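Asks: Below are the sequence and a predicted model for it; my questions follow.
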Amino acid sequence: MTDLVLIQGLRIDTVIGVYQWEKEIWQTLVLDLELACDVAPAAAADDIQQALDYAAISDRLTAYVSAMRVELIETVAERCATLLLEEFAVVGVRLTVNKPGAVPQAESVGVRIVRGQGF
Ligand SMILES: Nc1nc2c(c(=O)[nH]1)N=C([C@H](O)[C@@H](O)CO)CN2
């Protein structure tokens, strides 16, 4: 199966970082997701109930990450991948967590992980 549902540039404000000053401010993470699934049943029926609802996933991740209090973007990535595989009908996830502004000399920094199948 090679179908993918995409969510690109999902901006989520949260409290994250290694340093003490970061634990006292909100920063924006930007998530890019590729979700491996089978889109054929939803397409055949033209039915959102059979689709991987990118709006519902975006809302769930926003609530989850904004309430998270961790230091590393690696932790965010790993926890989000686990949530997606457990709560939604995805068989695999490629997930990038970007932290723009974390390194002044860089446009953005981030991590990318792949979990499950389909890639
Ligand atoms: N691999 C990582 N390196 C760093 C992280 C991180 O989450 N993963 N975080 C920081 C700091 O929190 C940084 O964003 C503040 O400038 C440093 N390195």
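Replies: Thanks, I have the structure now.
Asks: Setting aside sequence neighbours, what's the nearest residue to the most centrally placed residue in the chain?
Replies: The residue lying closest to the centre of the chain (Cα atoms, centre = their mean) is Leu31, at 4.9 Å. In space, Leu31 comes closest to Leu10 once its chain neighbours are excluded; the distance is 4.3 Å by Cβ to Cβ, 6 or more residues apart in numbering. In this view, the C-beta of every residue, glycine as well, is placed from N, C-alpha and C.
Asks: And the one you found, how far from the ligand?
Replies: As judged by Cβ to the nearest ligand atom, to the nearest Å, Leu10 and the ligand stand 18 Å apart.
Asks: And Ala89, by the same measure?
Replies: The value you get for Ala89 to the ligand, if Cβ to the nearest ligand atom is used, is 30 Å.
Asks: if we can go back for a sec, can you give me the neighbour number for the residue nearest to Leu31?
Replies: 17 (other Cβ atoms under 10 Å).
Asks: Kindly report the same for Ala42.
Replies: Counted with other Cβ under 10 Å, residues neighbouring Ala42 total 18.
Asks: Quickly find the element holding it.
Replies: According to DSSP states H and E, Ala42 maps onto helix 40-45.
Asks: Name the residues that touch the following helix or strand past that helix?
Replies: Sequence order places helix 54-67 as the next helix or strand after helix 40-45, per DSSP H and E. The contact list for helix 54-67 (Cβ atoms under 8 Å, 6 or more residues apart in numbering) reads 5-7, 10, 12-14, 29, 31, 33, 35, 76, 79-80, 83-84, 87-88.
Asks: just the buried members of those?
Replies: 5, 7, 10, 12, 14, 29, 31, 33, 35, 76, 80, 83-84, 88 (16 or more other Cβ atoms under 10 Å).
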